[in-house]
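Chemist: Quick check, what structure comes out for this input:
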Amino acid sequence: MGDCPSMEDRILLLQPEVSRTPWWKKSKYTCPLLFIIGVCCLATAIGVCLYKNAYEDPIALSILSLNCWGTPGSMGSYDKELRMKEIGKMIEKQEHDVYLLEELWMRPDHATVKSYVDKTDYEMTEVGDLAIHGWCDGRVDPLYCSGLAIVSKFPILEKEFRVFSVHGDFWWNDGEYYARKGVGRVRIEPRPNITVDVFVTHTAASDYNYWYRQIQTQEVVDYVKNSTADFAILGGDFNIDPRMRNETTYQTLTSELNGAMQEFFVYLSEILNPRRATYGNPDNNYSHEFGPQLYDYIFHRSKGWNSVIINIFDVPILKAFILSEEESANVESAESKEAMFKEMGERYNATAANFTASTAAEGEHKLEKRSAEKELNISLSDHEAITSSVLLFKYRWN
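Modeler: Numbering: from 1, shown residues only. Next up is the predicted model:
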């Protein structure tokens, strides 16, 4: 008789045979799946390399748009001369690359702002550059003026103005009929061989002018779409709130162009936050009682495969401390000025409370004739400015 298997041998015989088949051969789908994954990884790597080489390094462009409320005091504006100086000082700080100005109706106000621009290396359009040549008065009243101006960090290569084909009604006596609003355009080259057309506009105000505003807006959009530059930037006061459903103005703009605010905030509830209102903002001295409205926008459009990314969008609350002559004479140093500004800031909350709808109706809040208040922290306009920082990516093989 042969030797009997030991206990250990018996245990080994009872154990199931371990498969020696490689894991990648166990399923007929494994190899194809691995192949597909490998191809996808390779394609992704190639795509990333091609994308990085297809686009030039991005250009950052910072834009500010502001309705300056340059209507003459006799027509309803307040503290115009003071505010124009502060607007000029703001631009002198050179915090943005391009400034789009609306309602800079009067030549003396244009000269005031330009006097501060001339202290920098920036360029500013002249009164006649963005208006019907030879028609704009701007000395006595805004007759036949557009009120538009552009300030640029980069040399202005081209200037053009297109007047709207329609204006307000003669019988409504709201000034729209006598103004000659339109679209101003300048071309800049922030980097060699990369061109940007910058457009500024101001459409008809008041709800009842919706018919004129719709036509004007379509003309603006058509003008921007026909730009031959690598990029087009449009900003201004469009006098349309997204909640105004009785006209097509907002839909025309957002369906044809890309909105900086809309891309940055995405949700309409964020866009319509009262603190982002560009007219009737709760923090505005002059218009807060009229309720929050969103009238001012920045749009963009790219040529071919060029691309734009909105890096920042903001509605800054721009204010200026205004001192009486007596207090200005008492400020002898930067330290004393800073201390006075701090005290003024503490007193401003109580002062601002005086600006109510009732006092506005009575005209008692006109700042040039204030008596009780020796200083005020005033808004630069009845509108708020809007700012956006955009990244411009030019496709190499357009």
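Chemist: which residues of the chain fall in strands?
Modeler: Using DSSP state E, the strands of the chain run over residues 59-67, 98-102, 123-124, 149-152, 158-163, 182-191, 194-202, 231-237, 258-259, 296-302, 307-314, 319-322, 376-379, 386-393.
Chemist: got JSON lines for these, with mean pLDDT, distance to residue 220 and mean neighbour count too?
Modeler: Just so you know, the C-beta spots here come from the backbone N, C-alpha and C atoms, and that holds for glycine as well. Putting those into JSON lines (pLDDT from 0 to 100; distance: least, CB to CB, whole Å; neighbours: other CB atoms under 10 Å) gives the following:
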{"stretch": "strand 59-67", "mean pLDDT": "98", "distance to residue 220": "14", "mean neighbour count": "22"}
{"stretch": "strand 98-102", "mean pLDDT": "98", "distance to residue 220": "13", "mean neighbour count": "28"}
{"stretch": "strand 123-124", "mean pLDDT": "98", "distance to residue 220": "22", "mean neighbour count": "19"}
{"stretch": "strand 149-152", "mean pLDDT": "98", "distance to residue 220": "15", "mean neighbour count": "24"}
{"stretch": "strand 158-163", "mean pLDDT": "98", "distance to residue 220": "9", "mean neighbour count": "16"}
{"stretch": "strand 182-191", "mean pLDDT": "98", "distance to residue 220": "5", "mean neighbour count": "22"}
{"stretch": "strand 194-202", "mean pLDDT": "98", "distance to residue 220": "5", "mean neighbour count": "24"}
{"stretch": "strand 231-237", "mean pLDDT": "98", "distance to residue 220": "7", "mean neighbour count": "27"}
{"stretch": "strand 258-259", "mean pLDDT": "97", "distance to residue 220": "13", "mean neighbour count": "19"}
{"stretch": "strand 296-302", "mean pLDDT": "98", "distance to residue 220": "9", "mean neighbour count": "23"}
{"stretch": "strand 307-314", "mean pLDDT": "96", "distance to residue 220": "18", "mean neighbour count": "16"}
{"stretch": "strand 319-322", "mean pLDDT": "84", "distance to residue 220": "30", "mean neighbour count": "18"}
{"stretch": "strand 376-379", "mean pLDDT": "86", "distance to residue 220": "27", "mean neighbour count": "22"}
{"stretch": "strand 386-393", "mean pLDDT": "98", "distance to residue 220": "17", "mean neighbour count": "22"}
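Chemist: is it possible to export those strands to a markdown table including distance to residue 35?
Modeler: Below are the strands of the chain laid out as a markdown table (distance: least, CB to CB, whole Å):
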| stretch | distance to residue 35 |
| --- | --- |
| strand 59-67 | 41 |
| strand 98-102 | 52 |
| strand 123-124 | 59 |
| strand 149-152 | 55 |
| strand 158-163 | 55 |
| strand 182-191 | 44 |
| strand 194-202 | 42 |
| strand 231-237 | 42 |
| strand 258-259 | 40 |
| strand 296-302 | 38 |
| strand 307-314 | 33 |
| strand 319-322 | 64 |
| strand 376-379 | 65 |
| strand 386-393 | 34 |
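Chemist: quick one, what contacts residue 216?
Modeler: By CB atoms under 8 Å, 6 or more residues apart in numbering, the contact list for residue 216 reads 164, 166, 181, 201, 203, 204.
Chemist: likewise residue 252?
Modeler: Per CB under 8 Å, 6+ apart, neighbours of residue 252: 214, 217, 218, 221.
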